[in-house]
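J.: got a structure for you, letters missing:
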């Protein structure tokens with residue numbers, strides 16, 4: 001009887017190791033998904049904070065709302081007094097620089113799908129290959145009123161300019 005069971009203990013151990021390795025691979029896959037979800041949540045929170053920062057700066061400087069655009073001004077409103085337009089440009093450059101340092105892009109665009117009589121602006125913040133723009137390209141944040149599939153971005157409606 002013993003002659004017929006030689007190596008059966010080894011086979012049982014190998015089967016147990018295979019089952020254990022499959023279970024461990026499942027836990028590894030779950031951990032990778034959890035890390036990716038945590039990273040996505042972190043980027044979403046950072047983008048929300050960037051958009052909120054810019055929206056608050058715009059709320060405080062209503063006289064300079066039209067000057068919140070991307071240009072290469074050099075005014076340093078921390079060192080000297082600035083008028084509303086220069087302050088708006090300075091604010092935009094500061095927030096955009098912070099977003100760029102985090103690997104994000106930032107822009108202020110007309111809100112899509114809103115009655116044009118209200119002239120509402122939206123802050124777009126995008127990351128990981130998505131650009132903070134509206135259009136038909138696959139890397140744009142939105143295409144009209146809908147998010148582009150797999151877009152990595154947020155949009156925050158600032159408020160009515162009128």
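T.: The structure has been received and is ready for your questions. The model shown is predicted, which means the values in this text are computed figures rather than measured ones. Residues are numbered from 1 along each chain as shown.

J.: partner strands of the helix or strand bottoming out on mean pLDDT in the chain, parallel or antiparallel?
T.: Here the helix or strand of the chain ranked lowest by mean pLDDT, DSSP states H and E is strand 153-160, holding a mean of 84. Its sheet considered, strand 153-160 pairs with strand 120-127 (antiparallel) by DSSP bridges.

J.: give the buried residues for the least confident helix or strand of the chain.
T.: 153-156, 158 (16 or more other Cβ atoms under 10 Å). Quick note: C-beta positions are derived from backbone N, CA and C, even for glycine.

J.: can I get the residues you listed in TSV including distance to residue 93?
T.: Output for the buried residues of strand 153-160, formatted as TSV (distance: Cβ to Cβ, whole Å):
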residue	distance to residue 93
153	20
154	21
155	21
156	19
158	17
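
J.: for those residues, which one is nearest residue 142?
T.: For those, the closest approach to residue 142 (Cβ to Cβ) belongs to residue 155, at 6.9 Å.

J.: got phi/psi on residue 139?
T.: The phi and psi values for residue 139, taken as degrees, to the nearest 10, are phi -100, psi 0.

J.: for it, what are its contacts?
T.: Applying Cβ atoms under 8 Å, 6 or more residues apart in numbering, we find residue 139 in contact with 129-131, 148.

J.: so where's the longest helix in this structure?
T.: helix 8-60 (DSSP state H).

J.: how about low-confidence regions in the protein?
T.: Low-confidence segments of the chain (pLDDT under 70): 1-8, 114-119, 160-162.

J.: now the contacts of residue 139: which count as buried?
T.: Buried members of the contacts of residue 139, counted by 16+ other Cβ under 10 Å: 130-131, 148.

J.: list the helices and strands the host helix or strand of residue 109 packs on?
T.: Per DSSP states H and E: residue 109 is located in strand 104-110. Packing partners of strand 104-110 (3 or more Cβ pairs under 8 Å, 6 or more residues apart in numbering; DSSP states H and E): helix 8-60, helix 84-101, strand 120-127, strand 131-134.

J.: look up the closest residue to residue 136, ignoring the ones flanking it.
T.: Closest residue to residue 136 in three dimensions, ignoring its sequence neighbours and counting by Cβ to Cβ, 6 or more residues apart in numbering: residue 143, at 5.8 Å.

J.: with residue 106 instead?
T.: Closest to residue 106 by Cβ to Cβ, 6+ apart is residue 99, at 4.3 Å.

J.: hmm, back to that, what residues sit buried inside the strand holding residue 109?
T.: In terms of neighbour count (16+ other Cβ under 10 Å), strand 104-110 has its buried residues at 104-108.
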